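Asker: Sharing a sequence plus its predicted fold:
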Amino acid sequence: MRIRTMRGKLGGVGLLALSLAGAASWAQAEDDPALAAKGKQFFMLCQSCHAIDDSSGMRIGPHLKGVYGRPVAALDDFSYSAALREQDFAWDGEKLDAWLKRPYDLVPGSSMSFAGVASEDMRKALIAYLKTL
């Protein structure tokens with residue numbers, strides 16, 4: 001019994017270490033200019049619905065200039081879904097990753113008609129690019 005308990009505790013420590021390592025890799029990936037350049041290429045998939053600056057107005061989705069670090073549903077001139085307006089977080093690497101992976105899992109009831117990006121590498125590149133805007 002005691003050995004199993006120790007294994008469980010060590011497993012928890014291992015998971016915590018992996019979680020912290022994941023957070024560190026996000027921070028490194030987000031500041032990688034080469035990754036951001038790749039993300040700019042991937043962003044072509046997003047530009048039919050999202051502008052990258054506030055001067056070109058809104059499209060189907062809000063503009064993404066300054067999205068990294070911005071509170072969710074913060075642009076006054078965009079009509080967000082009620083589900084997004086009810087959220088209380090800022091867009092950081094983890095939230096953007098979850099959103100890009102499966103928007104409905106992060107915010108059930110969102111009106112964003114987007115299935116998600118399966119590739120973790122593509123999501124990291126997109127987030128690195130969004131951080132530069």
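Answerer: Perfect, thanks for sending it.

Asker: and residue 109, how many neighbours?
Answerer: 10 (other CB atoms under 10 Å). For every residue, glycine as well, the C-beta is placed using N, CA and C.

Asker: which residues touch it?
Answerer: Residues counted as contacts of residue 109 (CB atoms under 8 Å, 6 or more residues apart in numbering) are 81-83.

Asker: which SS class is it?
Answerer: With DSSP: H, G, I helix; E, B strand; the rest coil as the basis, residue 109 sits in coil.

Asker: do residue 78 as well
Answerer: Per three-state DSSP, residue 78 ends up coil.

Asker: For it, give me its contacts.
Answerer: Residue 78 touches 58, 61-62, counting by CB under 8 Å, 6+ apart.

Asker: Next: residue 104.
Answerer: residue 110.

Asker: any idea how far residue 89 is from it?
Answerer: Distance from residue 104 to residue 89, counting by CB to CB, to the nearest Å: 16 Å.

Asker: Check residue 106 too.
Answerer: Distance of residue 106 to residue 89, given as CB to CB: 9 Å.

Asker: cool, residue 80 as well?
Answerer: 13 Å.

Asker: about what we covered before: tell me, what's touching residue 106 and residue 89 both at once?
Answerer: Common contact partners of residue 106 and residue 89 (CB under 8 Å, 6+ apart): residue 95.

Asker: Those two - which one has more neighbours?
Answerer: Each of residue 106 and residue 89 has its neighbours counted (other CB under 10 Å); residue 106 has more, 22 against 12.

Asker: Please give the element, helix or strand, for the residue nearest to that one when sequence neighbours are not counted.
Answerer: Leaving out its chain neighbours, the residue that sits closest to residue 106 by CB to CB, 6 or more residues apart in numbering is residue 98, at 4.4 Å. Using DSSP states H and E, the element containing residue 98 is helix 93-101.
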